[in-house]
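Undergrad: Whatever this is, show me its structure:
(chains A and B)
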Number of protein chains: 2
Amino acid sequence: MNKRCEAHVLAAALALLTQKFGNRLVTSQAVREQHGNTLTWVANQPPDAVVFPQSIADVQEIVRICAAHRVPMIPFGTGSSLEGQVNAPHGGVSIDFRDMNRVLAVHAEDLDCVIEPGLTRKMLNEHLRDQGLFFPLDPGADASLGGMAATRCSGTNAVRYGTMKDNVLSLKVVLANGELMTTARRAKKSSSGYDLTRLMIGSEGTLGVIVELTLRLAGIPEAIASGVCPFPSVEVACNATILTIQSGIPVARIELLDELQVKASNAYSKLALPETPMLFVEFHGSEAGVAEQSRRFGEIAAELGGGPFDWATKAEERTKLWQARHDAYWSGRALRPGAGVFATDVCVPISRLAECVTATQQDIVESRLVAPIMGHVGDGNFHLTMTFDMADADEVARAKALHERLVARALAMDGTCTGEHGVGQGKMPYLEAEHGRAALDAMRTIKRALDPDGIMNPGKIVSFA
Amino acid sequence: MNKRCEAHVLAAALALLTQKFGNRLVTSQAVREQHGNTLTWVANQPPDAVVFPQSIADVQEIVRICAAHRVPMIPFGTGSSLEGQVNAPHGGVSIDFRDMNRVLAVHAEDLDCVIEPGLTRKMLNEHLRDQGLFFPLDPGADASLGGMAATRCSGTNAVRYGTMKDNVLSLKVVLANGELMTTARRAKKSSSGYDLTRLMIGSEGTLGVIVELTLRLAGIPEAIASGVCPFPSVEVACNATILTIQSGIPVARIELLDELQVKASNAYSKLALPETPMLFVEFHGSEAGVAEQSRRFGEIAAELGGGPFDWATKAEERTKLWQARHDAYWSGRALRPGAGVFATDVCVPISRLAECVTATQQDIVESRLVAPIMGHVGDGNFHLTMTFDMADADEVARAKALHERLVARALAMDGTCTGEHGVGQGKMPYLEAEHGRAALDAMRTIKRALDPDGIMNPGKIVSFA
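TA: I've put the predicted structure just below:
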């Protein structure tokens, strides 16, 4: 299994799909390549065809046809994943949820909503705005919510609102046998049986296809304050973050930019920040609450030798700041126009973060690479945007070696090889080192049990032969 | 499988265990019955023996011996579960974690700690107090933390701090094959592979034995305010709860007591509350923060026709209040001394809570039963303490019928048959109605894959033959 199926079997499956879906089944080279597209150095491996379902019943039909022919299936949201999650190393059919992007219900009293997986987070928040509600997770990219669940996405707000595992109440999932499973009721909590919701979140389509989500929502805060705070070193910035969280200040975002990232953001986003390590911070609450929190954070920063903390509650200023933060990936790219870019992340216990970032900065210098760092420091999670000349084999090799050492460094600090980008193809080599053989065997056992033919996004997370 | 093993096979396994564990393997009738003990109407089904491991290696040895003889194993914490989780319907060995109750590490900067499963939540909080930290989950009983993870426990604080699924970073688990698995690193978040942590939480020992936990901690709040607020009806109390949460007021506890529960608590805990539906409310934060939150909650209550909200920040008053709340089970029992008691819970979307509670109150009256109601209303979760005369077959039948209708009512409202008591034996009959066949089949598939011989706490959650 996990092998490309024979040409005539594939042709038979595609013929059945064409019969059912007409021009919603596409096999053109351009469309196929778009669907193997990745934003990283993982090579493009296009699927054999792309199909655009419009309903759960459509997805069940697709899965049944593919399963009967043992054709691999790869769910596709917006293609913004970074570790090759949507690639088709064994060929097969990409299931693109573009046309399944409706809000099915908003339950304002329960602070939840029911949506289709192709809906993006910005579309959802647009829909919710006049009800005073929002979906708080914000990975930067306008990703599909199905994809965000599939990769256990988090982002800048996770320090306060949690990751996708904390913000999904229930999923509908089409299993490898074509059956439709509902993972949980809409009740806010339950202790009824195995947590199928969390098992599916982060499984990247390898255990089933997410076809509907019930999401938790938050009330739009009465007041938001954000600001920037310079620090003499990454270490002091990290210590300020630790103290802020220990003090119970409910910070909504707390983002570290290292000197190089500040420089890159100044250039790309036309800011004029001092080129020193910097925290971008945001508080959500009542007017009085965010003022108190901002004041207390400013005191902590000052006490440790950082600051001044320059904060504001005006929406335009906030927007400019967070736009710059979200454009960090592009600003990193802009440091070396035309260069290749590899964005990766790790996550460590927050007590080890300063040490991990500082050692990584040193490693970057010694590797003669240009790689700004930014991080969701409240979670101990940071990103490296490695830029390199794709034509320079030596530089690519140095970048790859840096990446290997980054992962090893995080694992040695009881961290993870991937904080929020998922596993896909890119992080598969590190899973045994991270989880140990017994846990990886348990994952394989679960995969084999729920997908015995190995047709659900094969070649991702765990392989079995 | 799932059958009681033959006497000579059991004897061989117990002989090996005795050889290894000496007098830490106990087969006396009294100790066996204590370990089948339940606080509910599920009948006592004692194990064949009880063993007291002192280390992970001990547990691995026990599991290997039992597995080689296909002897069932039932993990045991403090025996405070309510749905027959520790019963031994197929006999076997109870693994009592009494002697594994150490705090192995506290990482104050990371707000986490590493502990053994037999440690109780009160022991942990005692240990943490002088570091300014606490473990926020509070189910009332001084349960073992291993048991709390195994049953996906929550309790009064869950509305703010989440359930066990949100407060466990990682577990060490001995699997059915005796191998030791670590479910995750100590990093605060990860998107690396299947969520084995959450799969184990709530699995009640049916997929493996939890032998170590890494827990998230919280800082002890600078200030705590709590108080009581009367309401003219359950509906108004629920609406006040909904509005409080929608407004983003970070309430730490919000507990509903119905008229009868208030009466019972007045009598048992020597309070003098007006006998009307009541919310017990608590806020955690800064001095200014809890004052603001208390004021805003009081305004909401008043606006809807409830109140006055009588709050205080003095520790003694708070303690008395929450002790009364925690003694609700005993106060319910005291309503009918000598009567049997069955404590059960369901959870529904909060928008349906008032309707569900009110219909249940009506049902209790029509059933001619005495059954006070209290609830973690911020989560839509409520408890029924049914009292009945065990010798009165008709009354027992009416109590069972009431329970059936309670579950059916919760499921009809998109709720769950068990908000926080787990499944055990008591809720098994309702799982197919709640989850549907596809999800229950998926649970069975996972159970069969990880425990092919059906020896890990058989006869709980899902059965397979």
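Undergrad: Please work out how many residues are found near A:Asp394.
TA: By the other CB atoms under 10 Å in any protein chain shown criterion, the neighbourhood of A:Asp394 contains 10 residues. Quick note: C-beta positions are derived from backbone N, CA and C, even for glycine.
Undergrad: what kind of secondary structure is it in?
TA: Each residue gets one of three states, and A:Asp394 gets helix by DSSP: H, G, I helix; E, B strand; the rest coil.
Undergrad: Just the helices from the stretch 51-200 of chain A, written as ranges.
TA: A:56-69, A:121-128, A:145-150, A:158-161, A:164-167, A:196-200 (DSSP state H, counting those that start in this stretch).
Undergrad: Ranking the ones you listed by mean neighbour count, which comes first?
TA: Using mean count of other CB atoms under 10 Å in any protein chain shown, the stretch among the helices of the stretch 51-200 of chain A with the greatest mean number of neighbours is helix A:145-150 (a mean of 29).
Undergrad: so how far is that one from its chain's centroid?
TA: 8 Å (CA atoms, centre = their mean, to the nearest Å).
Undergrad: got it, and stretch A:190-207?
TA: On the basis of CA atoms, centre = their mean, the separation between the geometric centre of stretch A:190-207 and that of its chain is 17 Å.
Undergrad: what's the answer for stretch A:227-237, then?
TA: 25 Å.
Undergrad: Report how many residues lie close to the nearest residue to A:Ala158 once chain neighbours are set aside.
TA: The spatially closest residue to A:Ala158, leaving aside those adjacent along the chain, is A:Asp379, at 5.8 Å (CB to CB, 6 or more residues apart in numbering or on different chains). A:Asp379 has 27 neighbours, counted by other CB under 10 Å.
Undergrad: I'd guessed A:Val462 sits against A:Leu450; true?
TA: No - at 11.6 Å, A:Val462 and A:Leu450 do not qualify as touching, with contact defined as CB atoms under 8 Å.
Undergrad: Show me the residue at the heart of chain A, geometrically.
TA: Nearest to the mean C-alpha position of chain A, by CA atoms, centre = their mean, lies A:Cys153 at 3.6 Å.
Undergrad: Which of the helices of the stretch 51-200 of chain A comes out lowest on mean pLDDT?
TA: Set side by side, these differ in mean pLDDT, and helix A:158-161 is lowest with a mean of 94.
Undergrad: on contacts alone, who are the packing partners of it?
TA: Contacts of helix A:158-161 with other secondary structure elements, assessed using 3 or more CB pairs under 8 Å, 6 or more residues apart in numbering or on different chains; DSSP states H and E, are made with strand A:251-257.
Undergrad: if I pick A:Ala43, what's in contact with it?
TA: Under the criterion of CB atoms under 8 Å, 6 or more residues apart in numbering or on different chains, the contact list for A:Ala43 reads A:Asn87.
Undergrad: any idea how far it lies from A:Gln29?
TA: Look at A:Ala43 and A:Gln29: by CB to CB, to the nearest Å, they are 16 Å apart.
Undergrad: Likewise for A:Cys66?
TA: 21 Å.
Undergrad: where along the stretch 251-400 of chain A do the helices fall?
TA: Assigned by DSSP H, counting those that start in this stretch, the stretch 251-400 of chain A shows helices spanning A:259-269, A:287-303, A:315-326, A:328-335, A:353-366, A:393-412.
Undergrad: Could you export those as CSV, including mean pLDDT and distance to chain B?
TA: Output for the helices of the stretch 251-400 of chain A, formatted as CSV (pLDDT from 0 to 100; distance: least, CB to the nearest CB, whole Å):
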stretch, mean pLDDT, distance to chain B
helix A:259-269, 94, 21
helix A:287-303, 94, 6
helix A:315-326, 82, 18
helix A:328-335, 87, 17
helix A:353-366, 97, 10
helix A:393-412, 96, 8
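Undergrad: so where is the stretch 351-465 of chain A shaky, pLDDT-wise?
TA: Flagging of the stretch 351-465 of chain A using pLDDT under 70 yields the residue ranges A:465.
Undergrad: Swap in 80 and give it another go.
TA: Of all residues in the stretch 351-465 of chain A, those with pLDDT under 80 make up the ranges A:464-465.
Undergrad: Since that was my last question, I'll sign off now.
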